[in-house]
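Asks: pasting the structure only:
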């Protein structure tokens, strides 16, 4: 028994060291962001000698970061809402209703898992241009509202809701919409929360599409915007790190608060029941 | 059942699926069609073009940068897919042996990078690897004897982008492997150790075979994801130095948005599209076949 214990302690020590090394760049970014620029370039100090938040003050006052936050929050929230509502409705129809073309629709949704949306950016851009949506929230949002896996996850969860509940609601005279929103949705709040959080994080983090469709600095999301600061003001390390920390903060907090949900959503969207 | 109620049901179904279908047709199906259609024309990015048949494809197969991009994309895939999967498995195996708060804390440290926007990741690593002040430079100096501006060095650029990508995306694999490892019944290991099996034997005879379906899944997801490499490259090297990190999606971007060649860009996009669909089908079949044997 004693031998196993020593082995476990060694493994624990090794794991902790590996984890700290893995996360070190994150620590380094945060530490750099709260140092004065002069200390940053003076040599490697693993703890800041002087605490200096002027990099954050600069970012807030001298860049468009507040605008970028608003754009990111606005577009990500709207994308999440639209994705959840249209996918849930579609998943409900696939799971509970009989209609012509149901099987075909299901197969089309499944097949679209394989389509690499990155290959579509050129034609999507042309489309957004036709709609007059280049450089607007609508232009950022629209091509991001189709996430086929969300439909499939909802279908699977609705499949496992007991039929008796549905029959009872029907006897009470509920319409399909009422059954969905008053019965199936409340029964699946957990999965709805999980899918919402991951969709929000994914749209917040999306770089390629907002980068292509947005042409003015005021309309950028924060993920795209932070690349502008270096270009416009030259290299300043503490300031770059402060802006990176600020861009990452909302998704990092969302993950830390809703860790279990994020994990669940990742499992579900890769086909493993979480 | 009365016909009226059946019609009503169909109508309800249509109302429920309509928003998804409409969005799907507009922003997904139509762009797929448009991409194929445009690839046979000489259209600029914005505006109509004339039918030119296979000219864009002929041009593509004579374009040196296309071959460079294909090669670099595959090089990047080779540098990331298998290592990322194995590292993910290793980390997951370390984490599942821990308990409670320690386990949760360690998992956060390994997983956190995955949740970050790509621009944050590249900013952080550009600072960590900065030639003059980067905290990792002493390490590079110790190994190679000199400081290296890694993103400006043709030899180092791609492996570094690959390393950063592994750091960034590994958490996803770790999660999948942890859940798979937890699903292996502990009695298997107990029985095996009663029979005197070593840890290595246990891994080869129990863990690895039972883990294979998830390993196959991770490999496939990785492969498809890494073929679409663009963001990190664009942000860290812009395809340089000397096109040594130029990748397919970047060629699409350059032709469409940099050189206003909508038709030709679409042809390259079709190539990427076909490559990814083909690889996902092929690899899925291969892995399924191997999983059965």
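Replies: Noted; the coordinates are in hand. Predicted, not measured: the structure shown is a model, and the values here were computed from it.
Asks: switch to C-alpha atoms for all contacts and neighbour counts from now on
Replies: Fine.
Asks: how many other residues sit next to residue 173?
Replies: Answering for chain A, as no chain was given. 11 (other C-alpha atoms under 10 Å in any protein chain shown).
Asks: right idea, wrong chain: chain B
Replies: 26.
Asks: again with residue B:60
Replies: Neighbour number of residue B:60 under other C-alpha under 10 Å is 18.
Asks: Same check on residue A:6?
Replies: Residue A:6 has 11 neighbouring residues, counting by other C-alpha under 10 Å.
Asks: What score does it have for pLDDT?
Replies: pLDDT, residue A:6: 76.
Asks: Next: the one 10 residues further on.
Replies: On pLDDT, residue A:16 comes in at 94.
Asks: try residue A:38
Replies: In this prediction residue A:38 is given a pLDDT of 85.
Asks: What about it, how many residues nearby?
Replies: Residue A:38, neighbours per other C-alpha under 10 Å, totals 10.
Asks: Helix or strand: which one has it?
Replies: Secondary structure from DSSP states H and E places residue A:38 in helix A:37-40.
Asks: Quick one: residues in contact with that helix.
Replies: Under the contact criterion C-alpha atoms under 8 Å, 6 or more residues apart in numbering or on different chains, helix A:37-40 has outside partners A:32, A:49, A:236, A:237, A:238.
Asks: In terms of helices and strands, where is the first one?
Replies: It refers to residue A:32. Assigned by DSSP H and E, residue A:32 belongs to helix A:2-33.
Asks: quick one: buried residues of that helix?
Replies: Buried residues in helix A:2-33, counting neighbours by 16 or more other C-alpha atoms under 10 Å in any protein chain shown, are found at A:11-12, A:15-16, A:18-20, A:22-23, A:25-26, A:28-33.
Asks: returning to that earlier point: just the buried residues of the contacts of helix A:37-40.
Replies: A:32, A:237, A:238.
Asks: The second one and residue B:129, how far apart?
Replies: Note on residue A:237: its distance to residue B:129, by C-alpha to C-alpha, to the nearest Å, is 12 Å.
Asks: before we move on, what about the first one?
Replies: Taking C-alpha to C-alpha as the criterion, residue A:32 is separated from residue B:129 by 14 Å.
Asks: ok, back up a step: continuing past the helix holding residue A:38, what's the next helix or strand?
Replies: Immediately after helix A:37-40, counting by DSSP H and E, sits helix A:54-62.
Asks: what's the angle between that next one and helix A:2-33?
Replies: Note on geometry: by axes from the mean of the first three to the mean of the last three C-alpha atoms, to 10 degrees, helix A:54-62 and helix A:2-33 are set 50 degrees apart in direction.
Asks: is helix A:54-62 anywhere near chain B?
Replies: No - Helix A:54-62 stays clear of chain B (C-alpha under 8 Å from any C-alpha of the partner chain), getting no nearer than 14.8 Å.
Asks: Any residues of the stretch 151-274 of chain A in contact with chain B? List them.
Replies: Counting by C-alpha under 8 Å from any C-alpha, the residues of the stretch 151-274 of chain A that sit close to chain B are A:176, A:201, A:204-208, A:223-224, A:226-227, A:237, A:240-241, A:244-245, A:247-248, A:251-252, A:255, A:263, A:266-267.
Asks: Is the helix holding residue A:32 positioned near chain B?
Replies: Yes - on the criterion C-alpha under 8 Å from any C-alpha, helix A:2-33 is in touch with chain B at A:11, A:12, A:15, A:16, A:19, A:20, A:22, A:23, A:25, A:26, A:28, A:29.
Asks: Show me the two of these that sit farthest apart.
Replies: Within the residues of helix A:2-33 next to chain B, A:11 and A:29 form the most distant pair, 28.0 Å apart (C-alpha to C-alpha).
Asks: What helix or strand is the spatially closest residue to residue B:276 that is not a sequence neighbour located in?
Replies: With C-alpha to C-alpha, 6 or more residues apart in numbering or on different chains as the criterion, residue B:276 has its nearest non-adjacent residue at 6.2 Å, and that residue is residue B:224. In this structure, residue B:224 sits in helix B:208-227 according to DSSP H and E.
Asks: and the helix holding residue A:38, how far out from the chain's middle?
Replies: 33 Å (C-alpha atoms, centre = their mean, to the nearest Å).
Asks: At the geometric centre of the chain, which residue do we find?
Replies: Chain wasn't specified; assuming chain A. Nearest residue to the geometric centre of chain A (C-alpha atoms, centre = their mean): residue A:201, 1.4 Å.
Asks: could you do chain B instead?
Replies: residue B:225 (1.8 Å).
Asks: show me what contacts that residue?
Replies: Contacts of residue B:225 (C-alpha under 8 Å, 6+ apart): none.
Asks: Distance of it relative to residue A:118?
Replies: 10 Å.
Asks: Give me the neighbour count for the residue nearest to residue B:276.
Replies: Residue B:224 is flanked by 20 other residues according to other C-alpha under 10 Å.
Asks: you'd agree it is up against residue B:280?
Replies: Yes - the criterion here is C-alpha atoms under 8 Å, and residue B:224 meets it with residue B:280 at 6.8 Å.
Asks: what's the burial count for residue A:52?
Replies: Residue A:52, neighbours per other C-alpha under 10 Å, totals 17.
Asks: neighbours around residue B:9, how many?
Replies: Residue B:9: 16 neighbours (other C-alpha under 10 Å).
Asks: what's the strand or helix carrying it packed up against?
Replies: Per DSSP H and E: residue B:9 is located in helix B:3-24. When contacts are defined as 3 or more C-alpha pairs under 8 Å, 6 or more residues apart in numbering or on different chains; DSSP states H and E, helix B:3-24 packs onto helix A:65-96.
Asks: for the helix it packs on, the distance to its chain's centre please.
Replies: 11 Å.
Asks: how big is the angle separating that helix from helix B:3-24?
Replies: Going by the same axes, to 10 degrees, helix A:65-96 makes 150 degrees with helix B:3-24.
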